[in-house]
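Peer 1: Give the three-dimensional model of this entry:
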Amino acid sequence: MLGRYAYWHRVLTRHDKWLLGAVLLSLLCLPLPHILPMRVTSLLQAQVSLRSSIYADEHDQDVQWLNKEKLHWICRVRAEYSAKACGFSLAFDPSFNWQGAYGLRVQLAAQSKNSFFRIYVRNNVPGAAGTAPEDAQYNQMLLPAQDANQPVDIAFSEFALADWWLASHPVASPYKIARFDHISSLGIDLASPTTTGDHELQLAQLALLRPYITPNTCYLSVLGLWTALLTLLSLQRLWLRRLLLVQAQANIEAQRPAVVEFEESAPAFCEIPQDDLTGIYNRQGFIDYWSQASRLWADNDSMALLVVNLDQYTGIGEQFGREIKDQALLALADALKSHMRPQDKLARWHEGQFILLCPLTSHAQALQLAEKLRHHIGLISFDEPAPLMLSASIGVILFPAQAFLEQAYNRCELALNTATSAGNRVLDCGVLALE
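Peer 2: Numbers count the residues shown, from 1 in each chain. The predicted structure follows:
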């Protein structure tokens with residue numbers, strides 16, 4: 001486990017660690033709104049302005065306070081009425097903030113034979129109806145009497161807009177759903193059908209439930225976190241890019257005198273010996289280039305040398321003649337030139353052999369380039385005078401600029417000549433170390 005931690009600690013960059021930390025923090029934050037408990041705010045405390053009242057809407061029903069301060073009342077029903085109410089109401093201060101509330105926590109101390117109590121809230125929605133208190137939205141739900149004597153959490157989503165209110169208040173479509181942002185009053189009464197007898201009730205607890213963090217707030221926070229992080233990383237990357245550009249310009253200015261001196265002393269390309277057939281450096285031209293260019297390289301610069309042997313060179317001349325052999329060499333040279341970088345140098349070393357020098361190249365990059373060249377050489381074919389497909393064997397060696405070019409070439413040449421496998425392959429000759 002410690003080894004795995006050390007590996008990731010070494011492999012991951014600082015930016016990777018920041019992104020990974022942001023992913024983990026996002027995964028921890030997203031479920032928070034659903035697992036955190038609700039924040040409970042009592043509505044019966046002194047800081048909440050309340051006006052309590054009791055009512056009965058039939059002469060055969062009687063309601064009276066037993067203790068108004070403790071919201072304790074009794075309702076006496078003398079005859080059964082299926083659509084009449086007897087109950088209690090609380091009016092709230094209009095300035096009380098209901099935004100973001102989830103629901104209510106209600107507990108009654110009830111002695112009643114009624115099966116259900118009706119809990120309703122009136123909500124003043126601007127533009128939904130008139131301004132009178134009875135014009136406020138009437139949202140209701142039924143609470144079983146057996147659950148009323150213990151704290152019950154009631155989500156606002158359990159309330160429904162009363163059908164009779166919709167029938168008597170024609171409103172636009174946006175106001176035909178229950179809303180709870182401007183609650184003006186809450187009431188508890190006996191749900192119909194109402195049983196006869198005495199119904200003693202007390203509002204023991206009434207509290208507002210709010211989440212500590214809403215889903216929208218959580219999602220916006222995660223979005224803000226990613227926006228800030230990506231902005232910070234982008235600014236840092238721009239700063240690093242500018243810093244590297246300044247450093248590169250400084251390095252160019254520092255090396256400019258040496259480059260100018262080299263360009264002034266180096267012979268023109270036409271003066272450097274070239275191969276008559278392919279137009280690239282011949283052996284002498286490459287050696288002249290090396291002796292001049294090597295002065296500009298640091299001793300520890302990594303150089304890669306690719307030695308390319310045309311596998312069928314002798315056989316092509318014997319079987320097809322000199323013209324086809326020259327065409328094969330030209331096609332091979334063109335394939336090498338088309339896939340080399342501007343800083344690489346190509347030369348025909350002798351007969352069917354080419355060398356490619358790749359400055360400032362890693363071992364892996366050199367092997368990858370060699371495999372790419374081998375593949376493209378294998379695509380070269382001739383139809384006349386007989387079908388012919390070319391193939392090449394490539395030796396790859398890495399050496400420091402202060403080493404001798406002859407040593408690197410001899411290592412590759414020896415490896416290619418003594419290899420037991422067939423042609424058309426890339427042979428890794430390793431790294432030449434200074435003795």
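Peer 1: Keeping just the C-alphas, turn stretch 36-51 into CSV.
Peer 2: In CSV, the C-alpha atoms belonging to stretch 36-51 read as follows (Å, rounded to 0.1, in the frame of the first residue of the first chain):
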residue,chain,number,x,y,z
LEU,A,36,-27.6,16.2,6.5
PRO,A,37,-30.4,16.5,9.1
MET,A,38,-32.9,19.4,8.8
ARG,A,39,-32.4,22.7,10.6
VAL,A,40,-35.3,23.1,13.0
THR,A,41,-36.7,26.6,13.8
SER,A,42,-39.5,26.7,16.4
LEU,A,43,-42.5,28.8,15.3
LEU,A,44,-43.8,29.0,18.9
GLN,A,45,-40.9,31.1,20.3
ALA,A,46,-41.2,34.7,21.3
GLN,A,47,-39.3,36.0,18.3
VAL,A,48,-42.0,34.7,15.9
SER,A,49,-45.0,37.0,16.0
LEU,A,50,-48.2,34.9,16.2
ARG,A,51,-51.9,35.6,16.6
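Peer 1: neighbouring contacts of it?
Peer 2: Outside of stretch 36-51, the residues within contact range by C-beta atoms under 8 Å, 6 or more residues apart in numbering are 71, 90-93, 96, 102, 105, 153, 203, 205-213. Glycine gets a C-beta too; all of them are placed from N, C-alpha and C.
Peer 1: do that again at 10 Å, thanks
Peer 2: 52, 70-71, 89-97, 100-106, 151, 153, 185-186, 203-213, 218 (C-beta atoms under 10 Å, 6 or more residues apart in numbering).
Peer 1: and the residue nearest to Ile316 when sequence neighbours are not counted, what helix or strand is that in?
Peer 2: Nearest residue to Ile316, sequence neighbours excluded (C-beta to C-beta, 6 or more residues apart in numbering): Lys325, at 4.8 Å. Secondary structure from DSSP states H and E places Lys325 in helix 322-338.
Peer 1: Pull out the buried positions in the helix or strand following that helix.
Peer 2: With elements assigned by DSSP H and E, the helix or strand that comes after helix 322-338 is strand 345-350. By 16 or more other C-beta atoms under 10 Å, the buried positions in strand 345-350 come out as Lys345, Leu346, Ala347, Arg348, Trp349.
Peer 1: got those residues as TSV, with pLDDT and distance to Asn124 columns?
Peer 2: Shown next, in TSV, are the buried residues of strand 345-350 (pLDDT from 0 to 100; distance: C-beta to C-beta, whole Å):
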residue	pLDDT	distance to Asn124
Lys345	90	86
Leu346	92	87
Ala347	93	92
Arg348	91	94
Trp349	89	95
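Peer 1: Pick the one among those closest to Thr361.
Peer 2: Lys345 (12.1 Å; C-beta to C-beta).
Peer 1: And the helices in the stretch 51-200 of the chain, which stretches?
Peer 2: Applying DSSP state H, counting those that start in this stretch to the stretch 51-200 of the chain gives helices spanning 163-168.
Peer 1: My read is that the residue nearest to Ile316 contacts Leu390, right?
Peer 2: No. Assessed by C-beta atoms under 10 Å, Lys325 is found out of contact with Leu390, at 11.0 Å.
Peer 1: what residues are shared contacts of those two?
Peer 2: Leu310, Gln312, Tyr313, Ile316.
Peer 1: In this structure the third one contacts Glu351, no?
Peer 2: Just to be clear, that refers to Tyr313. Yes. Under the criterion of C-beta under 10 Å, Tyr313 makes contact with Glu351 at 6.3 Å.
Peer 1: and for the two, which residues touch both?
Peer 2: Joint contacts of Tyr313 and Glu351 (C-beta under 10 Å, 6+ apart) are Lys325, Leu329.
Peer 1: And the two? Which one has more around it.
Peer 2: Tyr313 (17 against 12; other C-beta atoms under 10 Å).
Peer 1: Quick check: pLDDT value at the closest residue to Ser157 other than its chain neighbours.
Peer 2: Leaving aside its chain neighbours, Ser157 sits nearest to Gly103 (7.6 Å; criterion: C-beta to C-beta, 6+ apart). The per-residue pLDDT reported for Gly103 equals 92.
Peer 1: For Gly103, which residues are in contact?
Peer 2: 38, 152-159, 180, 207-210.
Peer 1: now do 8 Å
Peer 2: Asp153, Ile154, Ala155, Phe156, Ser157, Glu158, Leu209.
Peer 1: distance of it from Ala110?
Peer 2: 20 Å (C-beta to C-beta, to the nearest Å).
Peer 1: the strands in the stretch 301-435 of the chain, which residues?
Peer 2: Using DSSP state E, counting those that start in this stretch, the strands of the stretch 301-435 of the chain run over residues 302-310, 345-350, 353-359, 381-382, 388-389, 392-400, 426-431.
Peer 1: Run through the neighbouring helices and strands of the second one.
Peer 2: Packing contacts for strand 345-350, counted by 3 or more C-beta pairs under 8 Å, 6 or more residues apart in numbering; DSSP states H and E, involve helix 283-293, helix 322-338, strand 353-359.
Peer 1: Val63 contacts Val77, correct?
Peer 2: No. Val63 is beyond contact range of Val77, at 9.5 Å (criterion: C-beta atoms under 8 Å).
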